[in-house]
Each structure stands twice: as structure tokens, then as C-alpha cells.
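Trainee: the sequence isn't on hand, but the structure is:
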């Protein structure tokens with residue numbers, strides 16, 4: 001879910017196709033190189049680097065990277081909310097259902 005959030009956030013902040021590809025490449029590279037921290041930083045760095053390769057200015061690339069991070073946070077929050085709803089439904093069913 002975070003990956004979809006990354007892509008959505010980056011796109012909303014003006015990422016191009018290069019940035020989206022960079023996000024996906026950064027996710028894979030971050031997983032293998034940096035573990036859990038790499039999964040967070042990899043897509044952001046990937047977005048910034050690939051946006052600059054694609055010809056975007058440093059400021060524009062940073063904005064796309066920020067969007068990637070915001071999307072990651074949004075995806076994580078959505079995942080947390082869904083998990084809490086599932087736990088609540090389970091507890092409700094066990095005690096009242």
C-alpha cells in the first residue's frame with residue numbers, strides 16, 4: 001500500500017514518468033541495500049535522482065521527492081487505519097457477536 005501511496009504522492013507533487021520509475025527502482029534498491037530504512041529513503045532518493053536525469057531542476061526533483069514521502073505517510077496511515085478497523089471488528093465479534 002505504501003508503494004501506491006509513494007507513486008500517488010509523487011504524481012500529485014508533479015513527478016514525471018522518470019520520477020515514478022525512480023521511485024520503483026529506489027524501492028527495490030533500498031530494500032536490498034538499506035533494509036527498513038532503505039525502504040523509506042530509497043523511493044525518495046530514486047525519485048529525486050531520476051527526475052534530475054529526466055531533466056527536471058533540483059527544486060522540482062525535491063518537490064517530487066517530498067510528494068513521494070507524503071504519499072508514503074498517507075499509505076502508511078491508511079494501512080494503520082484498515083488494521084485498526086479489522087482488529088476492532090474482530091474484538092467486537094468475539095465479545096458481542
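Mentor: That came through, no problem. Keep in mind it's a predicted model, so treat the numbers as computed, not measured. Numbers count the residues shown, from 1 in each chain.

Trainee: in this structure residue 70 contacts residue 9, no?
Mentor: Yes - shown here, residue 70 and residue 9 form a contact pair, counting by Cβ atoms under 8 Å, at 4.5 Å. Heads up, the C-betas are built off the backbone N, CA and C, glycines and all.

Trainee: so which of those two has more stuff around it?
Mentor: In this view residue 70 and residue 9 are compared by other Cβ atoms under 10 Å, and residue 9 has more residues nearby, 25 against 17.

Trainee: count of residues packed around residue 28?
Mentor: Residue 28: 14 surrounding residues under other Cβ under 10 Å.

Trainee: look at it and report its pLDDT.
Mentor: pLDDT, residue 28: 93.

Trainee: over to residue 7?
Mentor: Looking at residue 7, its pLDDT is 89.

Trainee: which residues are in contact with it?
Mentor: By Cβ atoms under 8 Å, 6 or more residues apart in numbering, the residues touching residue 7 are 20, 23, 24, 71.

Trainee: how far does the helix or strand hosting residue 87 sit from the chain's center?
Mentor: Assigned by DSSP states H and E, residue 87 falls within helix 58-96. Remark: helix 58-96 is offset 10 Å from the chain centroid, using Cα atoms, centre = their mean, to the nearest Å.

Trainee: buried residues in that helix?
Mentor: For helix 58-96, the buried set under the neighbour-count rule, 16 or more other Cβ atoms under 10 Å, comprises 60-72, 74-75.

Trainee: now do stretch 11-27
Mentor: 11, 13, 15-16, 18-27.

Trainee: and the pLDDT at the residue nearest to residue 63 when sequence neighbours are not counted?
Mentor: Counting by Cβ to Cβ, 6 or more residues apart in numbering, residue 63 lies nearest to residue 13, which is 5.3 Å off, once chain neighbours are set aside. At residue 13 the predicted local confidence, pLDDT, stands at 95.
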